[in-house]
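Build me a structure from this.
(2 chains)
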Amino acid sequence: MTTFAAARLVLGREIRAKLRDKAFLFSTVSFLLIIIASIAIPTLLDGGPTKVAVADSGSGQALRQAGFAIVEVPDAAAAERLVRDGDVEAAVVPGPGVIALDERPDEVVEALSTAPEVQLLDELPYNPALAILVPLAIAMLCYLTSLLFGLQIAQSVVEEKATRIVEILVSSVSPRALLAGKVAAMSILAFAQIALLAVVTVVGLKVTGSDAGLLDVIAPALGWFLPFFVLGFVMLATIWAGVGALAARQEDLGSTSGTAQMVVLIPFFAVIFLRDNPAALTVLSYVPLSSPMAMPIRIFQQDAAGWEPFVALGIVAVTAALLLAVGARIYEGSLLRTNTRTSIAAAWKTRSTAG
Amino acid sequence: MTTTVLEVGAVDRSFGDRQVLKDVSFSVAAGRLTGFVGANGAGKTTTMRIILGVLAADSGTVTWRGVPVTRQARQRFGYMPEERGLYPKMTVADQVVYLARLHGLTAADARRRTTALLDRLELGPRAGDPVEKLSLGNQQRVQIAAALVHDPELLVLDEPFSGLDPLAADSVVAVLRERAAAGAAVLFSSHQLELVERLCDDLVIIADGNIRAAGSRDELRGRHTLPRYAIEVDADAGWLRDEPGVTIVDLDGAHAVVELASGTDDQHVLRAALAHGQVRSFGPVRPSLAEIFREVIK
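Sure, this is the predicted structure:
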């Protein structure tokens, strides 16, 4: 059997095992619920346009244009009654004057006033709130997925070591096939989970109508995020597998995975804290470990030239290939040391299995 | 006529400064059960791992039908490691099917053989249960199923009987005999020397990483048999002391063990015994495997 065929069998088993794993299903469903809730709740709370009672015939037109629901009343007394009863948010009485219960209705006041024209010289193409939210979301997504799925790769490697089934596996297929199958399976699952979340988000925004041009704005960043995410994940996946192989039991993972966790954590915090510093973010967008987070952010901020993501992606790809070789060697070198945890040096030196 | 299929030739292996295998050579024949016997730490597991390619040898060769073993050839080997292991949450059938497929079987073949083998090992009703729900004895049977499912040409079993109750051991023995009869070569290690003695056709004895003895069981027995005879008569056997060419090894009333000097005719001693009265038994003393083992590992 070829290494490829063997890796495919391993991949199939890993995916089936994960899809039956309650913890995995639970985390996927929780993510979905969080997303659905964060889209649906604001829509549900939004009770439609604000109602305003109008007793002043001159103001009705301006308020209607500003999107308020108008309740026409004959006089100021009727308007006041409606405000007191809570049937309307505010009332406009002849004068014109504005009546409200306990809060100054700034929106109504604004609609009635004439504001001078404002011209922005460097206008953001999107809502300023998004400028904060989108980079955070990209970095969080990258960080959480690589940590969660990375740990799962490590756990599934340790499981095979701790249950000793690894010896039977290695006697029939090469360690490389095992490693490749595992990494591919987890990458597919991680990617599928992200894709599922993305689809649910997009559908949710469309259905609730709260899209408001958001998708057009984040589409290029999202488009680039996918290849960066896939390569970035594969880059770290073999390291996680190596970390798993160094441990002999699940309890060892805490100590063997420390380095790998730092490798994920440090770039995450660097991107989060330096995201408003264009020079620093540019550097981070080329450092392979942070580039999957930093480059999509720069693309979103329309700060990256057309060629830049290609170069960064190339650097990530080369690093992934290098780390793949390192991770594979550590994995093979420590896979059969099932008694105690293995040091990286020992794993590196071990002559492993025969051809 | 036996056909040697597996040849281990001059294999050395060290872990750090400790050399665990020194010039290990022996062969395993098709259609025969070969017992691999040695004390703890003698090098049995390391040797088996090298045969399976789980470990690499420092030097020496392992050949299968005359050619160095390749991963391709190992697809036709079945292995049961000393440290048992299966995926705890996978069902019995899924697990065996998966391992069968890793050995190159098609999905349909893997499923068909798994069903047949689980029935044969009386695990049919548990096929859909996760392995962790099974008793240890049944887990052991699943492990054996995993080693057998692809109908291997060579079976390597590291302590297959440890942890089995006598009934389960018997059913495993039956399955191994069946495989050998069908032409497979079977190499198994065990501490239970009586069981090995009862079961195996050939023997390999290892001590401190050296092969001390190897060959067919009967040949080894013959080689280590002294010209000793046990005799049981009705009356006192004390007259044996005066018999020419006879040395008493043990004498206890009517029962005696004697050693005959070379050239002494055993039939002559028997006639002498008959002349002294009734003879209940007379025959050569065959050393047990345990005795041979103790002698060769000295």
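
what about A:R104, how many residues close to it?
For A:R104, the count of nearby residues is 10 (other CB atoms under 10 Å in any protein chain shown). For every residue, glycine as well, the C-beta is placed using N, CA and C.

and the gap between whichever residue of the stretch 101-250 of chain A sits closest to chain B and B:L155?
Going by CB to the nearest CB, chain B is nearest to A:R164 of the stretch 101-250 of chain A, at 3.1 Å. Remark: distance between A:R164 and B:L155 (CB to CB, to the nearest Å) = 18 Å.

Neighbour count for those two, which is higher?
More neighbours surround B:L155 than the other of A:R164 and B:L155, with 25 against 17 (other CB under 10 Å).

So what sits opposite the residue nearest to the spatial centre of chain B in the bridge?
Centroid-nearest residue in chain B: B:G35, 1.9 Å away (criterion: CA atoms, centre = their mean). Per DSSP bridges, the residues bridged to B:G35 are B:F188, B:L203.

distance between stretch A:22-40 and the chain's centre?
Centroid separation for stretch A:22-40 versus its chain: 13 Å, with CA atoms, centre = their mean, to the nearest Å.

Report the buried residues of that stretch.
Buried residues in stretch A:22-40, counted by 16 or more other CB atoms under 10 Å in any protein chain shown: A:24, A:28, A:31, A:35, A:39.

A:P309 against A:M295, yeah?
Yes: between A:P309 and A:M295 there is a contact under CB atoms under 8 Å: 5.5 Å.

hey, what's in contact with both of those two?
Common contact partners of A:P309 and A:M295 (CB atoms under 8 Å, 6 or more residues apart in numbering or on different chains): A:224, A:228.

Looking at those two, which is more packed in?
Taking other CB under 10 Å, A:P309 and A:M295 do not tie; A:M295 has more neighbours (29 against 22).

For the more buried one, give me its contacts.
A:224, A:228, A:285, A:304, A:308-309, A:312-313.

Report pLDDT for residue 85.
Defaulting to chain A. Note for A:D85: predicted pLDDT of 84.

think we crossed wires, I meant chain B
Looking at B:G85, its pLDDT stands at 80.

What is the three-state secondary structure of it?
Under DSSP: H, G, I helix; E, B strand; the rest coil, the three-state class of B:G85 is coil.

tally of neighbours for it?
22.

Could you measure from the nearest residue to it once chain neighbours are set aside over to B:F161?
Nearest non-adjacent residue to B:G85, counting by CB to CB, 6 or more residues apart in numbering or on different chains: A:R164, 3.1 Å away. Separation of A:R164 from B:F161 (CB to CB): 18 Å.

where does whatever residue of the stretch 1-150 of chain A ends up closest to chain B sit relative to B:L105, distance-wise?
Going by CB to the nearest CB, chain B is nearest to A:M1 of the stretch 1-150 of chain A, at 4.7 Å. Taking CB to CB as the measure, A:M1 falls 10 Å from B:L105.

what does A:V183 give?
Distance of A:V183 to B:L105, given as CB to CB: 25 Å.

show me what contacts the residue nearest to the centre of chain B?
Listed by CB under 8 Å, 6+ apart, the contact partners of B:G35 are B:188-190, B:196, B:199-200, B:202-204, B:217.

Then A:S156?
For A:S156, the contact set (CB under 8 Å, 6+ apart) comprises A:14, A:17, A:182, A:186, A:244.

Can I take it that the third one is in a helix?
I take that to be A:K182. Yes: A:K182 sits within a helix when classified using three-state DSSP.

A:D303 belongs to a strand?
No: A:D303 is assigned coil when assessed by three-state DSSP, not a strand.

In space, what's closest to it - neighbours in sequence excluded?
A:P278 (6.3 Å).

For the one you found, give me phi and psi.
When read as degrees, to the nearest 10, the backbone of A:P278 gives phi -60, psi -40.

distance of it from chain B?
From A:P278 over to chain B the distance is 49 Å, taken as CB to the nearest CB, to the nearest Å.

What about that residue, how many residues nearby?
Using other CB under 10 Å, A:P278 is surrounded by 12 other residues.

Check the gap between the residue nearest the centre of chain A and A:A23 for me.
Chain A has A:L141 as the residue nearest its centroid, 2.4 Å off, counting by CA atoms, centre = their mean. A:L141 sits at a distance of 20 Å from A:A23 (criterion: CB to CB).

contacting residues around the closest residue to chain A within chain B?
Across chain B, the shortest distance to chain A (CB to the nearest CB) belongs to B:G85, at 3.1 Å. Counting by CB under 8 Å, 6+ apart, B:G85 touches A:160, A:163-168.

From these, pick the one nearest B:Q139.
For the contacts of B:G85, the residue nearest B:Q139 by CB to CB is A:T163; the value is 10.7 Å.

Name the residues of the stretch 151-300 of chain A found near chain B, please.
By CB under 8 Å from any CB of the partner chain, the part of the stretch 151-300 of chain A that sits against chain B consists of A:159-160, A:163-174.

can we see that at 10 Å?
Contact residues (CB under 10 Å from any CB of the partner chain) of the stretch 151-300 of chain A with chain B: A:156, A:159-175, A:177-178.

ok, back up a step: among the buried residues of stretch A:22-40, which ones are in helices?
Applying DSSP state H to the buried residues of stretch A:22-40, the entries found in helices are A:24, A:28, A:31, A:35, A:39.

For chain B, give me the ranges with low pLDDT.
Low-confidence segments of chain B (pLDDT under 70): B:1.

Quickly list the domain ranges of it.
With domains defined by automatic domain parsing, chain B comprises B:4-217, B:225-296.

and among those, the most buried is which?
Mean neighbours per residue, mean count of other CB atoms under 10 Å in any protein chain shown, is largest over the domains of chain B for domain B:4-217, with a mean of 19.

Assign a three-state SS to B:G9, would you?
strand.

nearest spatial neighbour of it, skipping sequence neighbours?
Per CB to CB, 6+ apart, closest to B:G9 is B:T61, 4.5 Å.

residues in contact with the one you found?
B:7-11, B:25, B:67-69 (CB atoms under 10 Å, 6 or more residues apart in numbering or on different chains).

go on, A:V264?
A:V264 makes contact with A:142-147, A:150-151, A:232, A:236, A:239-240, A:257, A:289, according to CB under 10 Å, 6+ apart.

Touching, B:G31 and B:L176? I think so.
No: using CB atoms under 10 Å, B:G31 and B:L176 do not qualify as a contacting pair, with a distance of 12.0 Å.

shared neighbours of the two, anything?
By CB under 10 Å, 6+ apart, the residues touching both B:G31 and B:L176 are B:184, B:186.

looking at this, A:A91 is in a helix?
No: using three-state DSSP, the assignment for A:A91 is strand, not a helix.

is it in a bridge, and if so with what?
Beta-bridge partners for A:A91, by DSSP bridges, are A:A53, A:I99.

quick revisit: by neighbour count, which of the contacts of A:S156 wins?
For the contacts of A:S156, the largest number of neighbours (other CB under 10 Å) sits with A:G244, at 31 neighbours.

how about the ones in helices among the buried residues of stretch A:22-40 in a markdown table, adding pLDDT?
Output for those, formatted as a markdown table (pLDDT from 0 to 100):
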| residue | pLDDT |
| --- | --- |
| A:F24 | 84 |
| A:T28 | 86 |
| A:F31 | 83 |
| A:I35 | 80 |
| A:I39 | 75 |
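
Cross the contacts of A:M295 against helices and list the overlap.
In helices, defined here by DSSP H, the members of those are A:224, A:228, A:308-309, A:312-313.

Give me the helices and strands touching the longest helix along chain B, please.
Longest helix in chain B by number of residues (criterion: DSSP H): helix B:166-181. With contacts taken as 3 or more CB pairs under 10 Å, 6 or more residues apart in numbering or on different chains; DSSP states H and E, helix B:166-181 sits against strand B:33-38, helix B:107-120, helix B:136-148, strand B:154-158, strand B:185-189, helix B:193-199.

who's in contact with that helix?
By CB under 10 Å, 6+ apart, helix B:166-181 touches B:29-34, B:78, B:80, B:117, B:120-122, B:137-138, B:140-141, B:144-145, B:148, B:151-153, B:155, B:157, B:160-164, B:184-186, B:188, B:192, B:195, B:198-201.
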